[in-house]
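Undergrad: return atomic coordinates for the entry below.
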Amino acid sequence: MSWSSVPNGTPTVVKLLKKKRPERNAPEFSTTTIEPCRVPPCHRLLGQIQFPPMLAQTSKSLQLIVKTAQTNTKIAIMNKNLDDCSELVRRYYKARQKAIIDALEFQGN
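TA: Prediction:
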């Protein structure tokens, strides 16, 4: 490092940069000949990762919570009182009820 001054006389530090000499036996690489990786780096590790048992249990319990919420939604749709609803709402709920019944019949077969 060496000291120099700017026009107003304030001293500043000037860093001297040395140019690095290239190695004589270094191979030359072209950026145009790089082949893309077939498997992305983030996917390479997926086969090797083993989740701890606690995470597996948490995952299963979250799946059960989602299933319960879906079942509760279906029950609410099936038990909806359509007497005080408009014609449009009534048609919507009847279509949803029919879709639920069809899905249950399809799962039963």
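Undergrad: contacting residues for Arg96?
TA: When contacts are counted by C-beta atoms under 8 Å, 6 or more residues apart in numbering, Arg96 is found next to Ile77. Using the backbone N, CA and C atoms, a C-beta is placed for each residue, glycine as well.
Undergrad: that one sits in which helix or strand?
TA: Element membership for Arg96 (DSSP states H and E) is helix 87-108.
Undergrad: mind listing what's buried in that helix?
TA: 93, 97 (16 or more other C-beta atoms under 10 Å).
Undergrad: can you map out the helices along this structure?
TA: Shown for the chain, the helices assigned by DSSP state H span residues 41-44, 53-78, 87-108.
Undergrad: how about the ones you listed in CSV, adding mean pLDDT?
TA: Below are those laid out as CSV (pLDDT from 0 to 100):
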stretch, mean pLDDT
helix 41-44, 58
helix 53-78, 87
helix 87-108, 90
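Undergrad: alpha carbons only: can I get the helix holding Arg96 in PDB?
TA: What follows is helix 87-108, C-alpha atoms only, in PDB (Å, rounded to 0.1, in the frame of the first residue of the first chain):
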ATOM      1  CA  GLU A  87     -81.800 -20.400  -7.000                       C
ATOM      2  CA  LEU A  88     -78.200 -19.900  -8.100                       C
ATOM      3  CA  VAL A  89     -76.800 -20.900  -4.700                       C
ATOM      4  CA  ARG A  90     -79.200 -23.900  -4.600                       C
ATOM      5  CA  ARG A  91     -78.000 -25.100  -8.100                       C
ATOM      6  CA  TYR A  92     -74.300 -24.700  -7.000                       C
ATOM      7  CA  TYR A  93     -74.800 -26.800  -3.800                       C
ATOM      8  CA  LYS A  94     -76.800 -29.400  -5.600                       C
ATOM      9  CA  ALA A  95     -74.000 -29.700  -8.200                       C
ATOM     10  CA  ARG A  96     -71.400 -30.000  -5.500                       C
ATOM     11  CA  GLN A  97     -73.500 -32.600  -3.600                       C
ATOM     12  CA  LYS A  98     -73.800 -34.600  -6.800                       C
ATOM     13  CA  ALA A  99     -70.100 -34.400  -7.500                       C
ATOM     14  CA  ILE A 100     -69.400 -35.700  -3.900                       C
ATOM     15  CA  ILE A 101     -71.800 -38.500  -4.300                       C
ATOM     16  CA  ASP A 102     -70.300 -39.500  -7.700                       C
ATOM     17  CA  ALA A 103     -66.800 -39.500  -6.200                       C
ATOM     18  CA  LEU A 104     -67.800 -41.600  -3.300                       C
ATOM     19  CA  GLU A 105     -69.600 -44.100  -5.600                       C
ATOM     20  CA  PHE A 106     -66.500 -44.200  -7.800                       C
ATOM     21  CA  GLN A 107     -64.200 -44.900  -4.800                       C
ATOM     22  CA  GLY A 108     -66.600 -47.700  -3.700                       C
END
